[in-house]
Structure formats: structure tokens, C-alpha cells
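Peer 1: Structure for this input, please:
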Amino acid sequence: MSKLSKMNVLINKLSDEPFKYGKADCFTFTNALVKEWHGKGYRHLHPYKSKSTAINYMETHGGIEALTTGTLGYPVATSQLENGDVVSAEISSGEVALGFVFRGYGYFKGHKQVMVAKLNKCRQGWKIK
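Peer 2: Have a look, this model is predicted:
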């Protein structure tokens with residue numbers, strides 16, 4: 001099975017998991033895909049386990065984009081992103097999510113479904129080095 005086919009299978013598997021902070025949320029979704037693509041993960045750096053600890057953790061550290069910058073480095077223009085990179089987007093009024101770049105789109109784990117956005121509609125992006 002090709003790498004792209006494996007990623008399609010994993011995206012579908014993770015999409016089917018019910019949303020749960022610390023287990024199946026936008027960060028854990030993105031991290032699982034980054035780990036499969038690049039062979040390295042970042043979950044151990046962000047130790048929240050529940051909705052309340054996730055919200056407190058993000059508020060304490062300036063939000064999900066600030067946490068991502070602290071983990072991956074400065075953001076780049078979304079036009080520079082490639083398969084396997086990380087992106088952020090506003091997925092609902094005021095709610096910013098982290099996502100995975102695949103085939104020219106950002107994939108985001110939402111509360112009810114995985115959302116897909118064109119990269120030019122996303123807010124920020126980070127290269128995985």
C-alpha cells in the first residue's frame with residue numbers, strides 16, 4: 001500500500017472516532033497523522049487529558065497557534081505547505097483548530113466530523129522539519 005493510501009486509511013479511521021479532548025481532538029488527530037507521515041510525534045509535550053485541562057492549557061499558553069509555534073517554530077504562508085505539514089483554521093465562530101495538510105487541503109477534527117479546507121482559506125501553517 002502506498003504512503004498516500006495509508007494516510008487515507010488513517011484519516012478515515014481517525015475521522016470515525018468520537019470527539020474527546022485528550023484522545024480524539026484536533027491536536028491528537030493532527031499529531032497522529034504527523035507521526036505516521038514523519039515518524040515523530042509531539043503528544044508528550046502537551047499533557048492535557050480532559051476538556052477543562054485542555055482549555056486551561058491553551059489559555060495559559062496563548063492559544064493553539066501559540067502552542068504550535070512554540071512546538072514547531074514560526075509559521076509560514078499556507079502557500080508554502082506540503083503534505084505532512086500542520087495548519088490552523090477557524091472552524092466555527094471564534095474556534096481555531098489545528099489540522100494536517102494532505103493533497104492541498106487542511107484536515108481538521110471537529111466535534112461532529114472532520115472538516116476539510118483549502119489551504120488558502122486557512123490562517124497559519126507550520127513546516128515539519
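Peer 1: CA only for contacts and neighbour counts going forward, please
Peer 2: OK.
Peer 1: And the strands in the chain?
Peer 2: When secondary structure is read from DSSP state E, the chain shows strands at 86-92, 95-102, 105-109, 114-118, 124-126.
Peer 1: Include mean pLDDT when you put these into JSON lines, please.
Peer 2: Compiled in JSON lines, those are given as follows (pLDDT from 0 to 100):
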{"stretch": "strand 86-92", "mean pLDDT": "93"}
{"stretch": "strand 95-102", "mean pLDDT": "95"}
{"stretch": "strand 105-109", "mean pLDDT": "97"}
{"stretch": "strand 114-118", "mean pLDDT": "95"}
{"stretch": "strand 124-126", "mean pLDDT": "97"}
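Peer 1: Look up the pLDDT of the nearest residue to Ile128 once chain neighbours are set aside for me, please.
Peer 2: What sits nearest to Ile128 in space, not counting adjacent residues and going by C-alpha to C-alpha, 6 or more residues apart in numbering, is Asp85, at 5.4 Å. In this model, Asp85 is scored at 98, pLDDT.
Peer 1: do Ile64 as well
Peer 2: Listed pLDDT for Ile64 reads 95.
Peer 1: Now for it: which residues touch it?
Peer 2: Residues touching Ile64, when contacts are defined by C-alpha atoms under 8 Å, 6 or more residues apart in numbering, comprise 58, 96-98.
Peer 1: same thing but 6 Å
Peer 2: Residues in contact with Ile64, defined by C-alpha atoms under 6 Å, 6 or more residues apart in numbering, are Met58.
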